[in-house]
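A.B. asks: Could you look at this predicted model? Sequence included:
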Amino acid sequence: MDLRLTEAETAFRAEVREFLQTAQPQSLRRKMELGQMPSREDLVGWHRILETKGWAAPMWPVEWGGAGWNVVQFYIFSEELLRTPALPPHPHVNQIGPVIATFGSEDMKRRFLKKIRTMEYYFCSGLSEPGAGSDLAALKTQAVLDGDHYVVNGQKLWTTLAHHANWMYALVRTDPRAKKQQGISFLLIDMSTPGISVRPLDTLTGARSVNEVFFDNVRVPVENRIGEENRGWTYIKHTLGVERMTQAKIGSSKGKVAFAKQLAATAMTEHGPLSENVRFRQKLAEIEVDLKALEMTNLRMVDHSMKHGGGNQDPKMSILKLGGSLLHQATLEILMEVAGPQAMARQVAFLEAMSDDIETIGPKWAATIPLNYYHGRAASIFGGSNEIQHNILAKAALGL
Ligand SMILES: Cc1cc2nc3c(=O)[nH]c(=O)nc-3n(C[C@H](O)[C@H](O)[C@H](O)COP(=O)(O)OP(=O)(O)OC[C@H]3O[C@@H](n4cnc5c(N)ncnc54)[C@H](O)[C@@H]3O)c2cc1C
């Protein structure tokens, strides 16, 4: 096994790096550096720039605007986004696009795919419900056929950025008598349809991100169903293997470690700079060792996928989610330690700090650290909780 990049891959990395450094608007770059939340306009504007380059939805089929990359190129692109740092394409673009391209009707592909790439259609993900998170197949939101429409009633929970979205992809129950996984269909729902209400959920960060979405006799045209009725469970499993390959987000954690080192060199304690403190150095070293180990594991998986294909349903992918989320949290925790009292003092002001126009009392980097730390707590819950990842690994490795 050789984990070094080939000449062509090194040249590709240089091309990606140069593009991200020159094409991303400076204002957005600064937000990414400070850990600020990009606005809807930032995201849509950047998507249009990526679309011009042909990189808005790199892993889609080429005929529908994909870049035709292999798994190594996609890995390089993802790492360079995190390293720059540049805003990644919206995750739902990669989640819903390939499902429509694979299982949708020709009419649906024509209606949706380009508009998803340019973010004219901004999707949110309507999967989780009260009582249906880890056990997603227990979902109850009902869709009853009435002529050429489904009538949808029920509730979705934790819907990220539903207040920005104009479309939702949703799993709904179309056959309450069938076995759990077999009575589910996959609908695309226009968020402006009468009967939909979106209510914010309070979170630790204080910023608006997750919502509850209620459906009260919402009429959804049958042509907005992906594929066949009651086969939604099969379609939702069709996520991109290569995308799962980047979920450890090594580049992001590396960036945070580098930032923590840089700040610690000037953060003074009564015994000198924090960077000289033995306990702090040990903690940082432990993170770096774990990070290197996860990076090597990730590269071995990329290498394996290049040679043998597949990877999508491989239970080993859970290592990346599990290790990546824990390291993400560890790096945010160490940044909190570096910021020390500055992070606490900034808590009152951190929401204001999300805007570049508003002055803060202390440095802006300190203002956004607690916000990202709090948000980071969710990394071990969303996308399949860490306990569930442990279960998957135990079953695969130990047959439990
Ligand atoms: C910030 C954030 C954003 C999210 N965004 C979205 C979104 O956009 N769209 C969407 O559909 N969903 C979203 N989710 C929901 C997310 O997918 C669920 O929260 C997650 O799947 C866990 O489900 P749950 O919250 O119902 O917890 P539960 O499934 O009720 O689990 C509660 C606890 O029990 C543990 N547990 C459950 N079952 C087992 C088991 N079999 N073995 C061991 N332990 C178990 C879990 O690990 C967890 O610790 C988001 C969640 C968060 C926090």
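C.D. replies: Ah, there it is.

A.B. asks: CA only for contacts and neighbour counts going forward, please
C.D. replies: Will do.

A.B. asks: what's next to the host helix or strand of Asn391, contact-wise?
C.D. replies: For Asn391, the enclosing helix or strand under DSSP states H and E is helix 386-398. With CA atoms under 8 Å, 6 or more residues apart in numbering as the test, helix 386-398 has contacts from 134, 315-316, 318-319, 321-322, 380, 400.

A.B. asks: are any of the residues you listed buried, and which?
C.D. replies: 316, 318-319, 321-322, 380 (16 or more other CA atoms under 10 Å).

A.B. asks: ok, of the residues you listed, which one's closest to the ligand?
C.D. replies: Using CA to the nearest ligand atom, Ser380 is the member of those that sits closest to the ligand, with 8.3 Å.

A.B. asks: Roughly how far does that closest one sit from Pro98?
C.D. replies: As judged by CA to CA, to the nearest Å, Ser380 and Pro98 stand 25 Å apart.

A.B. asks: go on, Met301?
C.D. replies: Distance, Met301 to Pro98, by CA to CA: 22 Å.

A.B. asks: out of the two, which sits in the busier spot?
C.D. replies: Pro98 (22 against 17; other CA atoms under 10 Å).

A.B. asks: May I ask you to confirm that that one belongs to a helix?
C.D. replies: Yes. Under DSSP: H, G, I helix; E, B strand; the rest coil, Pro98 sits within a helix.

A.B. asks: Once you drop chain neighbours, what's closest to it?
C.D. replies: Distances taken as CA to CA, 6 or more residues apart in numbering place Trp60 nearest to Pro98, at 5.7 Å, with adjacent residues excluded.

A.B. asks: repeat for Arg17
C.D. replies: Of all residues not flanking Arg17 in the chain, Glu80 sits nearest, at 6.3 Å (CA to CA, 6+ apart).

A.B. asks: Run through the residues that contact that neighbour.
C.D. replies: Contacts for Glu80 were tallied using CA under 8 Å, 6+ apart; they are 13, 16-17, 86, 251.

A.B. asks: where's it, which helix or strand?
C.D. replies: helix 71-83.

A.B. asks: Can I get that helix as CSV, trimmed to CA atoms?
C.D. replies: As requested, the backbone C-alpha atoms of helix 71-83 are provided in CSV (Å, rounded to 0.1, in the frame of the first residue of the first chain):
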residue,chain,number,x,y,z
VAL,A,71,-12.4,9.0,-4.6
VAL,A,72,-8.9,10.3,-4.1
GLN,A,73,-9.8,13.5,-5.9
PHE,A,74,-12.9,13.9,-3.8
TYR,A,75,-10.9,13.4,-0.7
ILE,A,76,-8.3,16.0,-1.8
PHE,A,77,-11.0,18.5,-2.6
SER,A,78,-12.7,18.0,0.8
GLU,A,79,-9.4,18.3,2.7
GLU,A,80,-8.4,21.4,0.8
LEU,A,81,-11.8,23.0,1.6
LEU,A,82,-11.2,22.5,5.3
ARG,A,83,-7.5,23.5,5.1
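
A.B. asks: What residues are bridge-paired with Ile184?
C.D. replies: Arg173 (DSSP bridges).

A.B. asks: I figured it was touching Ala170, is that so?
C.D. replies: No. Checked against CA atoms under 8 Å, the pair Ile184 and Ala170 is beyond contact range at 10.0 Å.

A.B. asks: which of these two has more neighbours?
C.D. replies: More crowded of Ile184 and Ala170, by other CA under 10 Å: Ile184, with 29 against 21.

A.B. asks: Am I right that Gln342 sits in a helix?
C.D. replies: Yes. Checked against three-state DSSP, Gln342 lies within a helix.

A.B. asks: So what's the residue count around the nearest residue to it once chain neighbours are set aside?
C.D. replies: In this structure, Gln342 finds its nearest non-sequential neighbour in Ala366, 6.1 Å apart by CA to CA, 6+ apart. Residues lying near Ala366 (other CA under 10 Å) number 25.

A.B. asks: how about the strand or helix carrying Ala366, does it get close to the ligand?
C.D. replies: Using DSSP H and E, Ala366 falls within helix 364-376. No. Residues of helix 364-376 contacting the ligand under CA under 6 Å from any ligand atom: none, with a closest distance of 7.1 Å.
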